[in-house]
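>>> below is the structure, and that's it, no one-letter string:
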């Protein structure tokens, strides 16, 4: 049973020695617009953003593109022509006639990914996508490393869109 004559806030507003009422005060700096929210300086640092963009670009071009199975789906938009000791990688001309992914050997896949890396993935491309992702999903720049699976899917979708747009433009 709870006593009903106990004031829970008496310890907060009454001085325990004198028994006088105390008015609590809150101090703040009026020059700070939002004094109760800390500014995350690391997230706003342009040097840190540039390093994150460079790191993601390196991971995309050196690791994810070649090793992650999600990017193998992009192989169907390319064709390889081999004649004697010369080989050429190019885009397909018709999206309805996509290539079979399984027909490419490991070396062929590597050349196609080099083609994608050279002509479709740039530092500006990665910068634009990451900035849009951070602003639309309200993610901190230092949290991008924890969202690598989502970022891989995002880059796959953007690369697929970019490749198909290029095929449509070449068709005209």
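Nice, thanks for sending it over. Note that the structure is predicted; figures quoted are calculated from it, not measured.

>>> need the contact list for residue 89.
Going by Cβ atoms under 8 Å, 6 or more residues apart in numbering, residue 89 touches 78, 79, 80, 111, 112, 114, 115. Using the backbone N, CA and C atoms, a C-beta is placed for each residue, glycine as well.

>>> report how many residues lie close to the last one.
To tie it back to what came earlier, the one meant is residue 115. Residue 115: 16 surrounding residues under other Cβ atoms under 10 Å.

>>> and it, how far is that from residue 129?
Using Cβ to Cβ, to the nearest Å, residue 115 is found at 19 Å from residue 129.

>>> returning to what we had before: just the buried members of the contacts of residue 89?
78, 79, 80, 111, 112, 115 (16 or more other Cβ atoms under 10 Å).

>>> return the subset of these lying in strands.
Within the buried ones among the contacts of residue 89, residues falling in strands by DSSP state E are 78, 79, 80.

>>> and which of these is nearest residue 40?
Checking those against residue 40 by Cβ to Cβ gives residue 78 as the nearest, at 41.9 Å.

>>> excluding sequence neighbours, find me the nearest residue to the closest one.
residue 112 (4.8 Å; Cβ to Cβ, 6 or more residues apart in numbering).

>>> and the helices in the chain?
10-13, 41-44, 46-59, 65-67, 106-119, 123-137, 148-171 (DSSP state H).

>>> ok, residue 71 - contacts?
Applying Cβ under 8 Å, 6+ apart, we find residue 71 in contact with 64, 65, 113, 152, 156, 159.

>>> just the buried subset of these, please.
The buried subset of those - by 16+ other Cβ under 10 Å - is 64, 65, 113, 152, 156, 159.

>>> what's the farthest-apart pair in these?
The span of the buried ones among the contacts of residue 71, defined through Cβ to Cβ, is set by 113 and 152 at 14.1 Å.

>>> re the thing from before, switch the buried ones among the contacts of residue 89 over to a markdown table; also include pLDDT and distance to residue 18.
Shown next, in a markdown table, are these (pLDDT from 0 to 100; distance: Cβ to Cβ, whole Å):
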| residue | pLDDT | distance to residue 18 |
| --- | --- | --- |
| 78 | 92 | 84 |
| 79 | 90 | 89 |
| 80 | 90 | 89 |
| 111 | 92 | 85 |
| 112 | 92 | 82 |
| 115 | 94 | 82 |
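
>>> could those go into a markdown table alongside distance to residue 135?
Output for the buried ones among the contacts of residue 89, formatted as a markdown table (distance: Cβ to Cβ, whole Å):
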| residue | distance to residue 135 |
| --- | --- |
| 78 | 32 |
| 79 | 37 |
| 80 | 38 |
| 111 | 36 |
| 112 | 32 |
| 115 | 31 |
